[in-house]
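Q: Attaching a predicted model along with its sequence, questions to come.
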Amino acid sequence: MAHKILIVDDEPNIVISLEFLMKKEGFEVAVANDGEEALAKVASFNPDLMLLDVMMPKKSGFEVCEALRADPGRSGLQIVMLTAKGRDTEVAKGLALGADAYVTKPFSTKDLVAKVKEMLAR
Amino acid sequence: MLSPGFVLFLSAAYLGLLFAVARFGDARADAGKSIISANVYALSLAVYCTSWTFYGSVGRATSGGLSFLTIYIGPTLMLLCVGVIIKMIRISKAQRVTSIADFIASRYGKSQLLAGLVTVIAVIGVVPYIALQLKAVSASLQTLFQTSGGEFLPGMIDSTFIIAALLALFTILFGTRHLDATERHEGMVAAIAFESVVKLAAFLAVGVFVTYGMFGGLSDLFQRAAAAPELARLLQMDSSRAGTWTALILLSGLAIIFLPRQFQIIVVENVDEAHLKRAVWLFPLYLVAINIFVLPLALGGLLHFQGQDFNPDTFVLTLPLARGAESLALLVFIGGLSAATGMVIVETIALSTMVCNDLVMPWLLRARWLGVGERKDLSGVLLGIRRAAIILILLLGYIYFRAAGEAYALVGIGLISFAAVAQFAPAMFGGMYWKQGTRAGAVAGLLGGFAVWTYTLLLPSFAKSGWIANGFVEQGLWGIHALKAQALFGLSGLDEISHSLWWSLLANIGLYVLVSLYSKPDAVEAGQAERFVDIFRHGARDTDARLWRGTASVDELVSLLERFLGPFRARQQLAAYAAAQGTSDWHALPADAGFVRFAEAQLSGAIGSASARVMVASVAREEDLGLEEVLDILDEATQVRAYSRELESKSRELEAATADLRQANERLRELDRMKDDFISTVTHELRTPLTSIRALSEMLHDDPKMDLVDRKRFLGIIVNEAERLTRLINQILDMAKLESGRAEWTTAEVDLGEVARETMESLGQLFREKGVTLEGEIPEKGPVVLADRDRLTQVMINLLSNAVKFVPGETGLVQVRVMANASEVRVEVADNGPGLTVEECNVIFEKFRQGGNTMTNKPQGTGLGLPISRQIVEYFGGNLWVESRPGAGAKFIFTVPLPASEE
Amino acid sequence: MKRANPMRQRLAALGLLGVPLLTYPLLSLPQGEIAGIPAPYLYLFGMWILLIVLAAVVAERRGK
């Protein structure tokens, strides 16, 4: 059975590219455009991994991550934070909040795919 | 009928009444209920008005017109310098000063020499003045008896002697009750105040009697005098005597505080500084009252006794007697007696204190052969000396009176006395306000001034009386004209008093200042100078304590106190001191600097500061603080004060500077944070389109067999994002230029209506695509402003593309209006979009704060359009703002001012 | 301790004012007579009393 991946970003073009990329690798993909929608999709779609943008309307990626990590039932969910703000403090903050990996935009598609696969193989 | 016996009996009875008043005053003082009020204090100052005033003023007025008033105007002006007098009082209380000699001696290092010198000057200057009072009493008695045809006391000692003896008795009883003179003589003060009332009442009575009884009132009297040629000149001022007038005001102004009796009353007998506030006007008022009838009395006497040889000094008696008003004459006599006795009593007390403390005691203490140093209780001896001094002074006065008789030396003594005590002025004032004044300077000044006074005033008065040859007055000493006693160095044209005052004060001040500048004070002197001059600052005794170093034993000091104060009073004072220190038992007191000072102060009150210094030094092993050390300590005290003031102001400055720095730092940090945020935001904004471009192009690159539809779609996105990136970079650069002020502007006449129309046209396609209606309400010939056409176009494009972004498709409506008033052009771009909250209305003008956060789809803007537009509009002096409510659309408005008309 | 006692300063100012008012050359100004009373007599006593009244006002106003 294919792994399920949730893509969360407010930039439509980024969503398009990520969605295409992940589907091509054979993952089952769902999309959310903001933080609140992301939490709802986690509940309904029950993904194995989520690609989570930080700067989003309504709820930021940090808030979503924090909320998910507070839920013991979701401990298996892997979270990859995506951010355009490459500052070290942002990376540290994301990891401290319980993200499993941190990817800075713009990213290499090959590296991202490799990282996702590696994480799901664990 | 006035019989001598009756008059003498009346005098004795009056003195008896004074005894009663004084006893009452003392009793009340002992009971702690002082009767010395501000009014009593002010009235007691009127001891200034002696019989010289009471009888002599009328006499002076008969020859000098109004010039007698100077003697009373001077004190009026002097008293207004309350600050000086309060300083004298403060110093005297702090230093236990009991006389003017003590004051000066204490200031200049507790010098016995200086104390003795001042005492000698005072005695020589003032004893003849006492004699004058006795003469006045005698003359008034004689006048009473002559006119009434009575006989002089037959074959017995004369009445003046009896009066003098009674006065001595009175003075002894009320002036030497205690030893500590700072305990004051409240009974005596009360009696003096009482006498002041009596003499004023008597003088006013005779004034009214003569003016309104014998003549038809003031104007009648003046009219009749004006009619008499020899009297008319008394009514007008004589400006040729202007110098004398001013000199006498100065002289009397000094006399009011430096005459020993005045110093006694004003300073030593002062109970409460606040009393001065009353005295400052009540005493001058008294002077006005007692002088108002002087000139009328003088004129009345001259008119009434025209051609007859009556002594003008006795007009106050002879005028009522001439009308047979014997009881009024008696009242006047009692008034004159009051004036004379008041002066004699206070002056004698003051002088006897000085003689005892400053002449006799130092000599006694030094004369070991007398064994005084070993005597157990000396308080009795001290009192004895004072009493003897009182008797001696009065006796001297009586002898002088008898010897001088009608001689000029007695008649003119009033002002001569004043001139003698005026010699104290430089040392006193200098001592109070000039720390540099030294003992050597004071001694030199006093000696010089006194010598000049003696030569130019006292000796000539002897010569006029025929007691000594008058060659030095007529031809000058040894025939040298420059040394003529009353035209020294050819200075003529002045009256003798002004002449003497001028030369003596010149010598006095000159020597005092010069010698002071060229001599060094010793340690004690420097300390005292500091305490006197800075009396208002030395509230605390800290400096005092540091200025004394040594060892002393309480027992020895106590036995010293007991010897001079008597055991009873000594123990009383000790108990009071112990209580003030917070102990109940004085035996437990440490023999520290404070105790030594207390003991010395107590002794000062009894035997004067100079003797007290000697006595304390004899029992305490004092380390001799060198002058350098004392000056160091005093300097230190001054410096510490100066430093602390400086430090205070420095720390205030520092605080202010720190606050400034903190503020600047805060601003810098804020700017830094903003810059940081800006860079971070810019990075984010740049990376976002880059992310799509990179991801999509990588995928296209990696998958050559990608579906054509996808391929086209992705390439479209890449092109769009690349455009977005370009736009963004341009705007960031634009913004940076605008903000740094490096933007290039062209300024020309711009028709704003045309700009609006052109922009609408160029964006028309965009509107049509989305199905949004664009309406314009623009004047045909639009308003012209001075601006950069391209920049204004940029603003219009910004506003219109923003509007089209937010209005809904098909139903969207955007309206553009351009209008102008007298001063500016106003451009409105209104849409029917979702509107903005109040908070958003402000936020959208910040960089990278795009509107539409509530929308699911992020608008494709850079977040820099509005900030840039605002910068542009503000550059041309206009404003850009938005008026909106959620759900009611938004209206962006900007204004550009019209150029000032050229008319 | 008050460094600059306003009452004392006002009184001293009055004293200073009194010096020119009660000395020459101002004193030679009043001449002749007013209502039968010599002008110098009126002037001297008038000024003198004025000074005293002013002093009383200054001294007593803050007294209580």
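A: Cool, got the structure. This structure is a prediction, so every number in the text was calculated from the model and none was measured.

Q: Near chain A, which residues of chain B are found?
A: Residues of chain B lying near chain A by C-beta under 8 Å from any C-beta of the partner chain: B:680, B:683-685, B:687-696, B:698-699, B:702-703, B:710, B:713-714, B:717, B:720-721, B:853-854, B:856-858. Every C-beta, even on glycine, is put in place using the N, C-alpha and C of the backbone.

Q: in the helix of greatest length in chain C, what's buried?
A: Secondary structure of chain C read by DSSP state H shows that its longest helix is helix C:39-61. Neighbour counts over helix C:39-61 (16 or more other C-beta atoms under 10 Å in any protein chain shown) mark C:39-41, C:43-45, C:47-48, C:51-52, C:54-56, C:58-60 as buried.

Q: Give me the subset of the residues of chain B next to chain A lying in strands.
A: Per DSSP state E, strands hold no members of the residues of chain B next to chain A.

Q: from the residues you listed, which would you call buried?
A: B:680, B:684-685, B:687-696, B:698-699, B:714, B:717, B:721, B:858.

Q: Just the ones of the residues you listed in helices?
A: In this view, those that belong to helices under DSSP H are B:680, B:684-685, B:687-696, B:698-699, B:714, B:717, B:721.

Q: Next, whichever residue of the stretch 401-550 of chain B sits closest to chain C: secondary structure please.
A: Closest residue of the stretch 401-550 of chain B to chain C, C-beta to the nearest C-beta: B:Phe536 (5.7 Å). Secondary structure, DSSP: H, G, I helix; E, B strand; the rest coil: B:Phe536 is coil.

Q: Just the pLDDT for it.
A: What the model reports for B:Phe536 is a pLDDT of 76.

Q: Pretty sure it sits against B:Gly83.
A: No: taking contacts as C-beta atoms under 8 Å, B:Phe536 lies outside contact range of B:Gly83: 9.6 Å.

Q: Any idea how far stretch B:98-116 is from the middle of the chain?
A: Distance, stretch centre to chain centre, for stretch B:98-116: 27 Å (C-alpha atoms, centre = their mean, to the nearest Å).

Q: how long is it from one end to the other?
A: Start-to-end span of stretch B:98-116 (C-alpha to C-alpha, to the nearest Å) is 14 Å.

Q: Check which helices and strands the helix or strand of chain A with the lowest mean pLDDT sits against.
A: One helix or strand of chain A scores below all others by mean pLDDT, DSSP states H and E: helix A:88-96, with a mean of 77. If contacts are counted by 3 or more C-beta pairs under 8 Å, 6 or more residues apart in numbering or on different chains; DSSP states H and E, helix A:88-96 sits against helix A:61-69, strand A:78-83, strand A:101-104.

Q: now with 7 Å?
A: On a contact count with 3 or more C-beta pairs under 7 Å, 6 or more residues apart in numbering or on different chains; DSSP states H and E, helix A:88-96 meets helix A:61-69, strand A:101-104.

Q: Tell me the first helix or strand C-terminal of the one helix or strand B:Leu144 maps to.
A: Element membership of B:Leu144, judged by DSSP states H and E, is helix B:112-148. On the C-terminal side of helix B:112-148, the nearest following helix or strand under DSSP H and E is helix B:159-175.

Q: For the following helix or strand past that next one, buried residues please.
A: Per DSSP H and E, the first helix or strand lying C-terminal to helix B:159-175 is helix B:186-208. Residues B:186-196, B:198-200, B:202-203, B:205-207 are the ones in helix B:186-208 that count as buried (16+ other C-beta under 10 Å).

Q: in stretch B:732-744, what counts as buried?
A: Residues of stretch B:732-744 classed as buried by neighbour count (16+ other C-beta under 10 Å): B:732, B:734-735, B:738, B:743.

Q: Stretch B:26-36 too?
A: Buried residues in stretch B:26-36, counting neighbours by 16+ other C-beta under 10 Å, are found at B:26, B:28-29, B:34-36.

Q: just stretch B:879-896 next, same as before
A: Neighbour counts using 16+ other C-beta under 10 Å place B:880, B:882, B:884, B:889-896 of stretch B:879-896 among the buried residues.

Q: Widest-spaced pair of the residues you listed?
A: B:Gly889 and B:Val896 (23.4 Å; C-beta to C-beta).

Q: thinking again about what came up before, of the buried residues of stretch B:732-744, closest to B:Ala165?
A: Nearest to B:Ala165 among the buried residues of stretch B:732-744, counting by C-beta to C-beta, is B:Leu738 at 111.1 Å.

Q: hang on, the earlier thing: tell me which residues are up against the longest helix of chain C.
A: Helix C:39-61 is contacted by residues B:66, B:69, B:73, B:76, B:80, B:236-237, B:277, B:280-281, B:284-285, B:288, B:292, B:295, C:7, C:10-11, C:14, C:18, C:21-22, C:30-34 when judged by C-beta atoms under 7 Å, 6 or more residues apart in numbering or on different chains.

Q: Okay, and which of the residues you listed map to helices?
A: B:73, B:76, B:277, B:280-281, B:284-285, B:288, B:295, C:7, C:10-11, C:14, C:18, C:21.

Q: Can I get the buried ones among those as something I can paste into PyMOL?
A: Typed into PyMOL, the line below selects the buried ones among those, using 16+ other C-beta under 10 Å:
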select buried, (chain B and resi 73+76+277+280+281+284+285+288+295) or (chain C and resi 7+10+11+14+18+21)
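
Q: May I ask which of the ones in helices among the contacts of helix C:39-61 comes out lowest in pLDDT?
A: For those, the pLDDT minimum is C:Met7, 82.

Q: any idea how far that one lies from chain B?
A: Distance from C:Met7 to chain B, counting by C-beta to the nearest C-beta, to the nearest Å: 8 Å.

Q: where do the strands sit along chain A?
A: Counting by DSSP E, the strands of chain A are A:4-8, A:28-32, A:49-53, A:78-83, A:101-104.

Q: So which of the ones you listed is the most surrounded?
A: Scoring the strands of chain A by mean neighbour count under mean count of other C-beta atoms under 10 Å in any protein chain shown gives strand A:49-53 as the most buried, with a mean of 27.

Q: what's the angle from that strand to strand A:28-32?
A: 30 degrees (axes from the mean of the first three to the mean of the last three C-alpha atoms, to 10 degrees).

Q: And the residue of chain A closest to chain C?
A: A:Thr89 (60.3 Å).

Q: ok, now how distant is that residue from B:Phe209?
A: Using C-beta to C-beta, to the nearest Å, A:Thr89 is found at 110 Å from B:Phe209.
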